[in-house]
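*Asks:* Compute the structure for the input listed below.
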Amino acid sequence: MRKKLIDGIKYWGQVLLLPIYWISFLTPRDKNIWLFGSTFGNRFADNPKYLYLYANQNQKNEIRPIWITHNKDVVQFLNGKNYEVYYYRSLKGIYYCLRGKVYIFDNYSKDISFWLSGGATKVNLWHGVGNKKINYDNKFDKVRHPKNNWDKFKTFLRRMSDEKPNHYVLATSPVKTKIFMSAFRVAQSHIIEAGLPRNDALLDPEFQNLYNEKEKELITSITSWRKKNLQVNCYMPTFRNSETKLFSVMNFDKFNHFLVQNNMIFLVKLHPKSIIANKFKEFNYSNIKYVDANIDPYTFLQLVDILTTDYSSIYTDFMLLNRPVVGFYYDYDSYSQDTRECYFDFDEYMPELKAYNMDELIEVIKRVMLEDICLKNRIKSRDRMFATPNELACEKVYNKIYRIIG
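*Replies:* Next up, the predicted model:
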């Protein structure tokens, strides 16, 4: 009850910030100052991270890229790597939020600072190119589709800070352009069509990434396993309430024995919101390894031999690597009844061998280890999602934004 009251005060307290937002339209903005942020300001991650790294490493003679964060650990990390970063409530953070002409983010401009963003040109790189309907296309979204005037009133601050103004959105193909025009309610002229910057880390062996200590340790481990001729199978499921059913369908003693017999490591990389993470942290199996949820998957995914997933949009990006995928849908019935609608037929979007229990999972893994029989149909799905699947994205996205700014 107390938490609900505090959350309510915080939410409605944002009304006091409206004058600041209006004033922010009056501050002069420098078109050479580009601000980057991610995941509601909490992480150094995803598409903004990779475009920020590219800009720092290749374009500092033209622009000044600055990371703005709500997380002081991110400030410490980037400062230690000699990258320009500011806490959003610091004096410099506030100053640059008012001076930066370009806001680049992967959710909404609140990833940086919505209330100081008036007059900035906003570029939403988004964070998933999956099959589930999003934003205005998601009829179950109560914020964007309030049922009555009271619900509309209660959510107007959220809609304002989420959506307005959403100037430009990144889409990866003509098909996704049409989808994002509807989902974000933007004109086609405000769609930037290109690949995802984060996928440059998968496609470009020369990409200069940044790694924290946990990421370095994981990469070292994967490299060591591969030198021992162990295949690496990464399990990356999406977040949903029914994921607890996993433990009723899996016998992990038996599954670990299968992994040992088949020279395979099973990496478990859960969604940051997963409700089953603590159970995996307690595991002590030789060939089942838990990966910290906050580790950036694009630091190690290029080293993975097989992906095991379900409804996660990570499947879309992994298609770029042309490697085997296993679909594991132990909760398909309950998930399909309690989820969003999809843009494409599920089997057409994900034409992979599918398993619904542990025995089927083992058999499917054995089959894809022998032959990637779904490659042809996967390429069809990939080419629908990515217009230029082999093209590096960062330079193209940067140039398109640069031309927009003039």
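
*Asks:* Could you pull out the strands in the stretch 251-400 of the chain for me?
*Replies:* Using DSSP state E, counting those that start in this stretch, the strands of the stretch 251-400 of the chain run over residues 264-269, 288-291, 306-309, 325-328, 353-355.

*Asks:* In JSON lines, list the ones you listed along with distance to residue 249 and mean neighbour count.
*Replies:* The C-beta positions use only the backbone N, C-alpha and C, and glycine is treated the same way. Output for those, formatted as JSON lines (distance: least, CB to CB, whole Å; neighbours: other CB atoms under 10 Å):
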{"stretch": "strand 264-269", "distance to residue 249": "15", "mean neighbour count": "22"}
{"stretch": "strand 288-291", "distance to residue 249": "15", "mean neighbour count": "18"}
{"stretch": "strand 306-309", "distance to residue 249": "14", "mean neighbour count": "23"}
{"stretch": "strand 325-328", "distance to residue 249": "9", "mean neighbour count": "24"}
{"stretch": "strand 353-355", "distance to residue 249": "10", "mean neighbour count": "19"}
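
*Asks:* for those, which one sits closest to residue 182?
*Replies:* strand 306-309 (25.9 Å; CB to CB).

*Asks:* Contacts for that closest one, please.
*Replies:* Defining contact as CB atoms under 8 Å, 6 or more residues apart in numbering, one finds that strand 306-309 is touched by 231-238, 266, 314-315, 318, 323-328, 361, 365, 368-369.

*Asks:* how far is it from where the chain is centred?
*Replies:* 17 Å (CA atoms, centre = their mean, to the nearest Å).

*Asks:* Listing partners with orientation, what would you give for it?
*Replies:* strand 231-236 (parallel), strand 325-328 (parallel) (DSSP bridges).

*Asks:* Let me see the contact set for residue 145.
*Replies:* Contacts of residue 145 (CB under 8 Å, 6+ apart): 136, 138-139.

*Asks:* Pick out the residue closest to the middle of the chain.
*Replies:* Nearest to the geometric centre of the chain sits residue 127, at 3.7 Å (CA atoms, centre = their mean).

*Asks:* okay but that residue is in contact with residue 105, surely?
*Replies:* No: under the criterion of CB atoms under 8 Å, residue 127 makes no contact with residue 105, lying 9.3 Å away.

*Asks:* Can you work out which residues contact both of these two?
*Replies:* Common contact partners of residue 127 and residue 105 (CB under 8 Å, 6+ apart): residue 38.

*Asks:* So which residues make contact with stretch 271-284?
*Replies:* Outside stretch 271-284, the residues that reach it (CB under 8 Å, 6+ apart) are 237-239, 241, 243-244, 246-247, 252, 268, 270, 290, 293-294, 312.

*Asks:* Can you show me the helices along the stretch 151-300 of the chain?
*Replies:* All helices of the stretch 151-300 of the chain, identified by DSSP state H, counting those that start in this stretch, fall at 156-163, 174-184, 200-203, 213-227, 246-249, 252-261, 277-281.

*Asks:* Give the buried residues for the longest one.
*Replies:* By that I understand helix 213-227. 215, 218-219, 221-222, 225 (16 or more other CB atoms under 10 Å).

*Asks:* which one of the helices of the stretch 151-300 of the chain lies closest to residue 79?
*Replies:* helix 213-227 (15.6 Å).

*Asks:* Run through who's touching the closest one.
*Replies:* Contacts of helix 213-227 (CB under 8 Å, 6+ apart): 211, 232, 265, 267, 289, 291-292, 294-296, 299-300, 303-304.

*Asks:* what do you get if the cut-off is 7 Å, keeping everything else the same?
*Replies:* For helix 213-227, contacts defined as CB atoms under 7 Å, 6 or more residues apart in numbering pick out 211, 232, 265, 291-292, 295-296, 299-300, 303.

*Asks:* which among these gets closest to residue 159?
*Replies:* Out of the contacts of helix 213-227, the member with the shortest distance to residue 159 (by CB to CB) is residue 296, at 29.9 Å.

*Asks:* Can you list the low-confidence ranges for this structure?
*Replies:* For the chain, the stretches flagged by pLDDT under 70 are 164-166, 336-340.

*Asks:* what do you get if the cut-off is 80, keeping everything else the same?
*Replies:* 1-4, 7, 163-166, 240-241, 332-340 (pLDDT under 80).

*Asks:* how does it divide into domains?
*Replies:* 9-195+391-405, 213-385 (automatic domain parsing).

*Asks:* Of all those, which one is nearest residue 202?
*Replies:* domain 213-385 (4.8 Å).

*Asks:* what's the span of the closest one, first residue to last?
*Replies:* 33 Å (CA to CA, to the nearest Å).

*Asks:* helix/strand/coil for the residue nearest to residue 406 when sequence neighbours are not counted?
*Replies:* In this structure, residue 406 finds its nearest non-sequential neighbour in residue 31, 7.1 Å apart by CB to CB, 6 or more residues apart in numbering. Per DSSP: H, G, I helix; E, B strand; the rest coil, the secondary structure class of residue 31 is strand.
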